[in-house]
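# need the 3D shape of this:
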Amino acid sequence: MTGVLHGPGTGRVSLAAHSVRSLAATRVVRPYGPHTMLQIATALKRWGFGPAGGFASLAARVPRRTAIVDDAGSLTFAELHAQANALARALAVGGVAEGDAVALLCRNHRWFVIATVAVSRLGADVLYLNTAFSGPQVAELLGRERPVAVLYDAEFDSVLARADGGIRRIVAWVGDAPVPAGAERHRRSRTRGRRQGAESALA
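I've put the predicted structure just below:
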């Protein structure tokens, strides 16, 4: 349960501004212009201090700074923010809601981060699946936790073979593997890396 404060200075904007001032006082953030500070305050008010709010505030503070480098190239904080929002919208349209669980079976690339941020922005929980798990282990875990969807790398399609067919399956990274039958996927785009990932989420 979340406590609710009442009285002067306890409104959402006031609390967000207080949060930003506290961060500045501890040198977590440097002083920025009014527009940037407003963006940071808005992000923290909307999503809090977890992955959703943290990456949104970084997109406001240092939008052009490189956030991720993987086999598909580099991604700035602004690009990561936009793609996380796109994925969050697509997941919401597909029925993912606050309190749901979304499983993630990905290696260490951009979509691991993007999916984590996107799911967090919906108020849903991320269920991280170990890429070393066997098919029976994954099936048992998915059966117990009952996520509404699983985002995964195409190379793990065989690992998900025993999973409940009713779970929505979304391919996060195709790479050199064929697109699994019955799975949704992101729109592919040209990349300079050895593997090919997505540039926009389900859109």
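# drop to CA atoms for contacts and neighbour counts, all remaining ones
OK.
# which residues in the protein form strands?
Ranges of strands in the chain, per DSSP state E, are 66-70, 73-76, 101-105, 125-128, 149-153, 168-173, 184-185, 187-188, 198-200.
# turn these into TSV, columns for distance to residue 82, mean neighbour count and mean pLDDT.
Listed next are those as TSV, based on distance: least, CA to CA, whole Å; neighbours: other CA atoms under 10 Å; pLDDT from 0 to 100:
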stretch	distance to residue 82	mean neighbour count	mean pLDDT
strand 66-70	13	15	90
strand 73-76	10	16	91
strand 101-105	20	24	96
strand 125-128	19	18	94
strand 149-153	18	24	93
strand 168-173	16	23	86
strand 184-185	18	18	55
strand 187-188	15	14	44
strand 198-200	9	19	33
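# now those strands as CSV including distance to residue 52?
Compiled in CSV, the strands of the chain are given as follows (distance: least, CA to CA, whole Å):
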stretch, distance to residue 52
strand 66-70, 14
strand 73-76, 16
strand 101-105, 15
strand 125-128, 12
strand 149-153, 18
strand 168-173, 19
strand 184-185, 23
strand 187-188, 23
strand 198-200, 18
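# name the single longest helix found in the protein.
helix 77-93 (DSSP state H).
# what about this structure, any weak spots by pLDDT?
1-50, 53-54, 175-203 (pLDDT under 70).
# mind jotting down where the helices sit in it?
Assigned by DSSP H, the chain shows helices spanning 12-25, 34-47, 51-61, 77-93, 110-121, 135-145.
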